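Asker: need the 3D shape of this:
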Amino acid sequence: MADLYIGVNVKDAQTLSLRRPGLDNAPLNTAGFLVYSVRGIDDVMVFSDFDSAKRALGGFDNNYYGMYAIKGFFDNVGSNGILFVKRLIDSSSALPSSATYQTRDTLGTAFEIKAGFRGQVDRGTWGNNLKVNVVDEVIVLSNLAANASSGANQIQVDSIDGYEVNDIVKIDNGTNTEYFYITSIDEQNLLLTLNGNLVNSYSSPGTTISRVRYSIYVYYVDPSNGIPSLVEQFVSLSSNPNHSRYVGDIVNNTETGSSFIVIENIDITGTYDKMPSPNIDSSFANSTSLTGGSNGNPIITGNLPSYYATLDKYPIRFVANVEMFGESAYEKGKEYADSMKDRVFVFNLPDLGMSSVPSFSSFDDIISWIKPKRRSVRYYSMIVKDWVNVDNPLGTALNPYKKVPIVGHLIGYMIDQILKKGVHRVPANTIESIKGIVNISNEVIDRAKLTELVENGINVVSTISNGFYLRSSRTISLSRIERYLNTIMTLIYVKESLKGIMIPYENYPTESLPALAEQVIKDWAKNFYESSSNGGAEGGFGQGSFDEVFKVIVDESVNPKPQLADGIVKALVYFVPPSSPAEKILLEVGLIDLI
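Answerer: As a prediction, this is how the structure comes out:
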């Protein structure tokens with residue numbers, strides 16, 4: 001997945017003529033969403049296209065905004081975007097649907113089948129629409145080639161094609177039947193060694209040897225019309241963990257496994273009597289229902305920090321809760337982004353007239369709400385006002401649209417503009433329209449009111465001709481340095497990119513580390529400066545020559561000798577953000593764990 005991350009349009013820092021470690025550019029094409037969805041595993045899911053997300057999350061549901069936001073994201077960012085999704089579900093109370101298959105001797109459980117996806121359980125009522133069949137797969141592969149006496153643990157066959165060690169075999173002469181599993185195969189002499197001794201004697205000809213495995217068929221019943229579909233089938237399975245077709249490896253494979261079920265509590269004895277007791281056949285009519293799935297307790301905003309925390313380890317640049325629009329949801333998201341300092345939280349206000357806290361009946365209500373919150377500090381967050389109507393795949397002829405928050409569309413759009421224009425440029429007021437929108441709900445028409453909203457840090461989308469355009473990209477900061485999103489994004493990009501500096505201690509003497517760190521940082525910054533500007537006249541930072549807009553200090557004021565003796569170099573980096581006064585960040589260049 002790392003090779004799918006996209007940085008700004010800069011030259012490769014690793015192609016420098018100086019032979020030392022370069023720097024990897026921080027990705028700019030990544031976002032993280034908290035969503036309600038029909039289904040979804042407990043772990044954070046990663047998607048690079050809409051169809052994959054739709055399959056893993058269960059498609060559209062009129063009760064949730066998540067899938068509409070995800071579609072809006074990919075409609076605008078296309079194949080360049082990477083989306084990390086955390087499902088909002090209480091995993092301590094929500095349950096996956098399940099069914100238990102008994103062993104053939106009826107003395108225990110052969111395995112449990114649960115609603116799942118790629119080896120993990122998938123909680124919720126959606127799984128109650130699943131039905132499964134476990135069916136024997138008995139194939140005659142050979143005949144007995146020589147008489148076999150009672151008490152023998154080997155049989156000679158006329159062909160060993162299709163057998164493998166740990167396969168269960170059925171020995172049948174029409175009168176007696178016995179089952180064993182194969183412990184070894186003598187290919188030269190066509191001998192199968194069994195895990196036990198024959199009870200009966202068998203003659204050749206007249207005795208067939210069959211391979212016994214089983215298959216699983218998965219049906220899904222569409223809840224909208226009650227029509228079942230065979231969605232998956234897994235054939236030639238074994239319950240022996242040493243078998244090439246071990247059910248746990250096949251069905252639960254994290255890359256190619258089932259999109260609907262997971263197998264747990266498998267009896268791995270490997271004998272016939274411990275195989276799952278089968279259904280009559282593979283038909284839907286004779287299938288077994290998965291039951292007991294539940295969506296659990298509602299999510300409260302007080303628990304949101306734990307959901308945001310699951311996104312910590314991912315290199316996300318924008319984050320949003322696309323389902324909650326109240327005051328507490330705003331504060332939790334803002335606090336999270338402010339604590340991380342490497343991503344921007346995008347909050348969608350509730351639409352005018354929505355029942356929420358806060359509730360707005362006019363644009364003046366929005367302005368009155370936001371004004372007391374503004375400070376002359378850095379905010380790693382931005383607020384967008386608009387809700388939009390989009391085509392609804394679940395709509396009707398009389399009601400074909402659904403009103404949704406614009407946040408998913410907007411994040412995809414801003415990432416697309418950043419990748420095209422550069423992180424230092426404002427991702428608003430461009431000639432490209434936001435895609436996937438039919439119209440804007442409660443659009444701001446009055447120009448004076450639009451200006452007032454923007455000046456207070458409320459970002460607005462407007463209809464112009466037949467397109468939809470973001471009019472601003474601001475934080476709510478009162479600081480003229482940090483009110484613009486591109487300033488914050490440039491700060492994040494520079495800081496996160498420079499955190500990747502690597503200087504192997506054993507290759508360089510201690511006293512040379514400060515100068516080396518300075519040169520590596522400057523080389524990277526100059527590439528950014530030059531390739532993110534019009535011929536270098538404007539620069540990827542603020543206006544001015546490179547030496548005027550970017551400085552690195554590594555002298556004794558930040559690197560006293562005792563510190564250098566421990567192999568740690570600190571670099572104080574100053575740069576001029578786009579159209580802003582000087583900004584500074586402090587970097588510690590370590591030898592193993594780098595900040």
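Asker: show me where pLDDT drops low in the protein?
Answerer: 1-24, 500-508, 531-539, 567, 579-595 (pLDDT under 70).
Asker: recalculate using a threshold of 50.
Answerer: Within the chain, the set of residues satisfying pLDDT under 50 comprises 1-22, 533-538, 580-584, 588-595.
Asker: so which residues of the protein form helices?
Answerer: Assigned by DSSP state H, the chain shows helices spanning 50-57, 66-77, 247-251, 304-309, 327-340, 363-370, 407-421, 447-455, 485-498, 513-531, 546-549, 561-565.
Asker: just the residues contacting the fifth one, thanks.
Answerer: The contact list for helix 327-340, computed with Cβ atoms under 8 Å, 6 or more residues apart in numbering, reads 301-302, 304-305, 308, 312, 319-321, 343-345, 347, 357-358, 379-381, 383. Where you see a C-beta, it was placed from the backbone N, CA and C, and this is true even at glycine.
Asker: do stretch 411-426 as well
Answerer: Against stretch 411-426 from outside (Cβ under 8 Å, 6+ apart): 6, 8-9, 28-31, 72-78, 80-81, 317-318, 320, 346, 427-428, 430, 432, 434-435, 470, 473, 484-486, 489-490, 493, 532, 540-541, 577-578.
Asker: give me that answer again for 6 Å
Answerer: Counting contacts by Cβ atoms under 6 Å, 6 or more residues apart in numbering, the residues outside stretch 411-426 that touch it are 6, 8, 28-29, 31, 73, 76-77, 80-81, 318, 346, 427, 430, 434, 473, 486, 489-490, 493, 532, 540, 578.
Asker: repeat that for stretch 475-490.
Answerer: Contacts of stretch 475-490 from elsewhere in the structure, counted by Cβ under 6 Å, 6+ apart, are 374, 376, 378-379, 382, 423-426, 457, 473-474, 577-578, 580-581.
Asker: quick one: which of the residues you listed is nearest residue 199?
Answerer: Of all those, residue 423 has the smallest distance to residue 199: 75.7 Å, by Cβ to Cβ.
Asker: neighbours of that closest one, how many?
Answerer: 28 (other Cβ atoms under 10 Å).
Asker: the closest residue to residue 444 other than its chain neighbours: how many residues sit nearby?
Answerer: Nearest non-adjacent residue to residue 444, counting by Cβ to Cβ, 6 or more residues apart in numbering: residue 450, 4.6 Å away. A total of 19 residues lie near residue 450 under the criterion other Cβ under 10 Å.
Asker: now do residue 555
Answerer: A count of neighbours around residue 555, defined by other Cβ under 10 Å, yields 9.
Asker: and if you look at the one 3 residues further on?
Answerer: One way to gauge burial is a neighbour count; for residue 558, by other Cβ under 10 Å, it gives 16.
Asker: contacts only, for it.
Answerer: Residues near residue 558 by Cβ under 6 Å, 6+ apart: 570, 572.
Asker: now it: phi and psi?
Answerer: For residue 558, the backbone dihedrals are phi -110, psi -10 (criterion: degrees, to the nearest 10).
Asker: ok, it to residue 415 distance?
Answerer: The span separating residue 558 from residue 415 equals 35 Å under the rule Cβ to Cβ, to the nearest Å.
Asker: drop anything exposed from the contacts of stretch 411-426.
Answerer: Neighbour-count burial (16 or more other Cβ atoms under 10 Å) applied to the contacts of stretch 411-426 gives 6, 8, 28-29, 31, 73, 76-77, 80-81, 318, 346, 427, 430, 434, 473, 486, 489-490, 493, 532, 540, 578.
Asker: quick one: residues contacting residue 381.
Answerer: Taking Cβ under 6 Å, 6+ apart as the contact definition, residue 381 lies against 334, 337, 345.
Asker: can you name the residues bridging to it?
Answerer: Beta-bridge partners for residue 381, by DSSP bridges, are residue 345.
Asker: partner residues bridging residue 113?
Answerer: residue 99, residue 263.
Asker: that one: neighbour count?
Answerer: By the other Cβ under 10 Å criterion, the neighbourhood of residue 113 contains 28 residues.
Asker: and the one 10 residues further on, by the same measure?
Answerer: When counting by other Cβ under 10 Å, one arrives at 27 neighbours for residue 123.
Asker: distance check, the closest residue to it other than its chain neighbours against residue 336.
Answerer: Of all residues not flanking residue 123 in the chain, residue 94 sits nearest, at 3.9 Å (Cβ to Cβ, 6+ apart). From residue 94 across to residue 336, the span is 23 Å (Cβ to Cβ).
Asker: now do residue 350
Answerer: Using Cβ to Cβ, which is the criterion applied here, residue 350 is 20 Å from residue 336.
Asker: for residue 312, same thing?
Answerer: As judged by Cβ to Cβ, residue 312 and residue 336 stand 9 Å apart.
Asker: which of these two has more neighbours?
Answerer: When neighbours are counted by other Cβ under 10 Å, residue 336 comes out ahead of the other of residue 312 and residue 336, with 22 against 14.
Asker: and the more buried one, how far is that from residue 226?
Answerer: Note on residue 336: its distance to residue 226, by Cβ to Cβ, is 42 Å.
Asker: over to residue 159?
Answerer: If you measure residue 159 against residue 226 using Cβ to Cβ, the figure is 47 Å.
Asker: more crowded one of those two?
Answerer: Between residue 159 and residue 226, residue 159 has the larger neighbour count (other Cβ under 10 Å), namely 12 against 8.
Asker: buried residues in stretch 418-432, which are they?
Answerer: 418-419, 421-428, 430.
Asker: gap between the two ends of that stretch?
Answerer: Stretch 418-432 has an end-to-end distance of 12 Å (Cα to Cα, to the nearest Å).
Asker: what about it, distance to the chain center?
Answerer: Averaged C-alpha coordinates place stretch 418-432 at 25 Å from its chain's average position (Cα atoms, centre = their mean, to the nearest Å).
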